[in-house]
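S.K.: The sequence isn't on hand, but the structure is:
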């Protein structure tokens, strides 16, 4: 993990196409802006965890479906 210190209005550029800008710092909270191509998904960490868990749940159901197809 790369750890950087940034002040309000400073940016970080990732892979030449994603820009993260610190918009505001207030106490223990910061506001950031992210500019990225439309095909790059950007999600809050807790949503990404939820989506990953949902995909695992769906994948757990798939082998049973595959076995029914093979048996038929």
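M.R.: Okay, I see it. Since we're looking at a predicted model, the values are computed, not measured.
S.K.: Give me the number of neighbouring residues for the residue lying closest to residue 6 once chain neighbours are set aside.
M.R.: Spatially, and ignoring its direct neighbours in sequence, residue 6 is nearest to residue 22 (4.8 Å; CB to CB, 6 or more residues apart in numbering). Yep, even glycine has a C-beta here, placed from its N, CA and C like the rest. Residue 22 has 17 neighbouring residues, counting by other CB atoms under 10 Å.
S.K.: host element of residue 22?
M.R.: In this structure, residue 22 sits in strand 18-26 according to DSSP states H and E.
S.K.: Now find how far off-centre that strand is within its chain.
M.R.: From the chain centre to the centre of strand 18-26 is a distance of 17 Å (CA atoms, centre = their mean, to the nearest Å).
S.K.: helices and strands around that strand, which ones?
M.R.: The contact analysis (3 or more CB pairs under 8 Å, 6 or more residues apart in numbering; DSSP states H and E) places strand 18-26 against strand 11-14, strand 29-35.
S.K.: how far away is the residue nearest to residue 6 from residue 40?
M.R.: 19 Å (CB to CB, to the nearest Å).
S.K.: Which phi and psi values does the residue nearest the centre of the chain adopt?
M.R.: By CA atoms, centre = their mean, the chain has its centre lying nearest to residue 43, at 4.0 Å. Main-chain torsions, residue 43, degrees, to the nearest 10: phi -130, psi 150.
S.K.: now swap in residue 54 and tell me
M.R.: phi -60, psi -40.
S.K.: Check the one 3 residues further on too.
M.R.: The phi/psi pair for residue 57 (degrees, to the nearest 10) reads phi -60, psi -40.
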